[in-house]
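Asks: Below are the sequence and a predicted model; questions follow.
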Amino acid sequence: MSDIAQANAAIVPMLERLVAFDTTSRNSNLALIEFIQSYLEGYGVGCRLVRNDAGDKANLFATIGPNVAGGLVLSGHTDVVPTDGQDWATDAFTLHEGEGGKLYGRGTADMKGFIAVCLAYVPVFKAAGLKRPVHFVFTYDEEVGCLGIQAMLPHLRKHCAIPRLVVVGEPTGMQVAAAHKGQYVSRTRITGREAHSSRPEDGVNAVVAAAELIGVITGYAGHEREAGVKDEMFDPPYTSFNVGPIKGGSMFNIIPGECEFDWEFRPVPGTDGQAIIDAFQRYLEENMNPRLRAAGGAGCYAENEVWAYLPPLVASSGSDAETLAKMLANRNDTTVVAFGTEAGHFQSIDFPAVVCGPGDIAQAHKPDEYIKRSELLACGAFMTRLADVLSL
């Protein structure tokens, strides 16, 4: 059996191993990372781990071939979303094959399928006599704000020779996605003052203040929809906003002294997302907070924290990186994706990046998530072409 045939045969068993690790973002990913590290070191591939502050999660960086410029980074996140409250037909953390070659399990599409292909092809890369490297970057906590890749960037600047291309293997059906929107996620907290509801002048209603601020955000959304940057490649073609979880108050007859809500927006490439954050902060400082303090004293105020940031991925049409990506994927075109990825973070340190991986994003985050064997094999063909290119 050839090296490539052996690699293809190893993909599903590798995926089975990876799915068995419950790497839901609230959990540690160390057991999976240590498994990957042991596997790579068994082929003589050294690994570097970059841990979070608590030490219970880690990114992994590894290089096959000489660490010189012009190689290619294969990147994937190791965490998965929860299965809580979802009605799965089988155990979510036990790989199960159904009809049509569908492989069911949490993370099969998003995105342990891609990582499984990367690892299965290690023997192929090792045997190819690479003149330029393949780098693996496997991260933690992508699903909760791309935290791992942000901790990884300084390490990549220091230890990774500038690559010709980064491929973030999120599920695109092996299409080459050259662009996606960014994302800013904020939490706004309002501290007011409790009082009996029959005496509203004695209190400062934090929920009412939150409602006003949500109205301000809604105004930003309307402006971006009507007058902001448009890019018809995206659906919707403008910067979109959402107000998510909100909580405040305790009883109907107590003026709420606290309220907080999360909100996010997804800027189209070319939109100044920081300007929107700055405008909201100015509204707090110049409008909302003076009124809250006048009503209730220095202890009454509103504050906003941006707790997750995802830079947009900006297309570089006609670039060498995009041309290489299309050749490896055996495609003549590129697309865009509506979801966010870590690719924009790579681009922020001048690592050219695209999104391209097996599976369908429509299967991600759902009960009975699956990926097809045929999709994994298509990704294997990508890896075969990659080994050939880096051996020249």
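Replies: Okay, I see it.
Asks: give me phi/psi at residue 179?
Replies: Phi and psi for residue 179, reported as degrees, to the nearest 10, are phi -160, psi 150.
Asks: Can you read off the pLDDT for it?
Replies: pLDDT, residue 179: 95.
Asks: residues contacting it?
Replies: Applying Cβ atoms under 8 Å, 6 or more residues apart in numbering to residue 179 gives the contacts 233, 269, 312, 313, 314, 315, 336, 337. Using the backbone N, CA and C atoms, a C-beta is placed for each residue, glycine as well.
Asks: Inside strands: which ones of those residues?
Replies: Mapping those onto strands (DSSP state E) picks out 336, 337.
Asks: farthest-separated two in the contacts of residue 179?
Replies: Greatest spatial distance among the contacts of residue 179 (Cβ to Cβ): 314 and 337, at 13.3 Å.
Asks: So for the two, which sits in the more crowded spot?
Replies: A direct count of neighbours by other Cβ atoms under 10 Å for residue 314 and residue 337 places residue 337 higher, at 20 against 15.
Asks: Please name the bridge partners of that one.
Replies: Per DSSP bridges, the residues bridged to residue 337 are residue 180.
Asks: correct me, but residue 377 touches residue 8?
Replies: Yes - counting by Cβ atoms under 8 Å, residue 377 touches residue 8, with 6.0 Å between them.
Asks: More neighbours: which of those two?
Replies: Each of residue 377 and residue 8 has its neighbours counted (other Cβ under 10 Å); residue 8 has more, 22 against 16.
Asks: quick one: contacts for the more buried one?
Replies: 120, 377, 380.
Asks: With adjacent residues omitted, what lies nearest to residue 174?
Replies: Among residues not flanking residue 174 along the chain, residue 378 sits closest, at 4.9 Å (Cβ to Cβ, 6 or more residues apart in numbering).
Asks: typo on my end, residue 297
Replies: residue 193 (7.7 Å).
Asks: Backbone dihedrals for the one you found, both of them.
Replies: phi -150, psi 130.
Asks: and it, how far is that from residue 212?
Replies: 16 Å (Cβ to Cβ, to the nearest Å).
Asks: neighbour count winner among the two?
Replies: Each of residue 193 and residue 212 has its neighbours counted (other Cβ under 10 Å); residue 193 has more, 19 against 15.
Asks: Relative to residue 369, how far out is the more buried one?
Replies: Using Cβ to Cβ, we find residue 193 at a distance of 47 Å from residue 369.
Asks: Then residue 317?
Replies: Counting by Cβ to Cβ - residue 317 and residue 369 are separated by 33 Å.
Asks: more crowded one of these two?
Replies: Ranked by neighbour count (other Cβ under 10 Å), residue 317 and residue 369 place residue 369 first, with 26 against 9.
Asks: so the more buried one touches residue 105, yeah?
Replies: Yes - counting by Cβ under 8 Å, residue 369 does reach residue 105; the two are 6.8 Å apart.
Asks: shared neighbours of those two, anything?
Replies: residue 92.
Asks: Can you give the domain ranges for the chain?
Replies: By the assignment in automatic domain parsing, the chain contains the domains 3-180+312-391, 183-310.
Asks: Determine which stretch of those is the most buried.
Replies: The highest mean neighbour count among the domains of the chain, using mean count of other Cβ atoms under 10 Å, belongs to domain 3-180+312-391: a mean of 20.
Asks: Need the distance between the two termini of that domain.
Replies: 15 Å (Cα to Cα, to the nearest Å).
Asks: and that domain, how far out from the chain's middle?
Replies: Centroid separation for domain 3-180+312-391 versus its chain: 12 Å, with Cα atoms, centre = their mean, to the nearest Å.
Asks: Which parts of the stretch 1-150 of the chain are strands?
Replies: For the stretch 1-150 of the chain, the strands defined by DSSP state E, counting those that start in this stretch occupy 47-51, 58-64, 72-77, 96-97, 102-104, 134-139.
Asks: Show me what the shortest one packs onto, helices and strands only.
Replies: Identification of packing neighbours for strand 96-97 by 3 or more Cβ pairs under 8 Å, 6 or more residues apart in numbering; DSSP states H and E yields strand 102-104.
Asks: Mind doing that once more with 10 Å?
Replies: helix 3-19, strand 102-104 (3 or more Cβ pairs under 10 Å, 6 or more residues apart in numbering; DSSP states H and E).
Asks: Just checking: what are the partner strands of that strand?
Replies: strand 102-104 (antiparallel).
Asks: Mind checking which of the contacts of residue 8 are in helices?
Replies: Those of the contacts of residue 8 mapping onto helices are 120, 377, 380, per DSSP state H.
Asks: Mind putting those into CSV with pLDDT and distance to residue 12?
Replies: Listed next are the ones in helices among the contacts of residue 8 as CSV, based on pLDDT from 0 to 100; distance: Cβ to Cβ, whole Å:
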residue, pLDDT, distance to residue 12
120, 98, 9
377, 98, 10
380, 98, 11
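Asks: Need the overlap of contacts for residue 314 and residue 337.
Replies: 178, 179, 180, 343 (Cβ atoms under 10 Å, 6 or more residues apart in numbering).
Asks: Strands along the stretch 201-350 of the chain, start to end?
Replies: 240-248, 254-255, 258-266, 301-310, 335-337.
Asks: Let me know which of those is the nearest to residue 32.
Replies: Across these, closest to residue 32 is strand 301-310 (Cβ to Cβ), at 22.5 Å.
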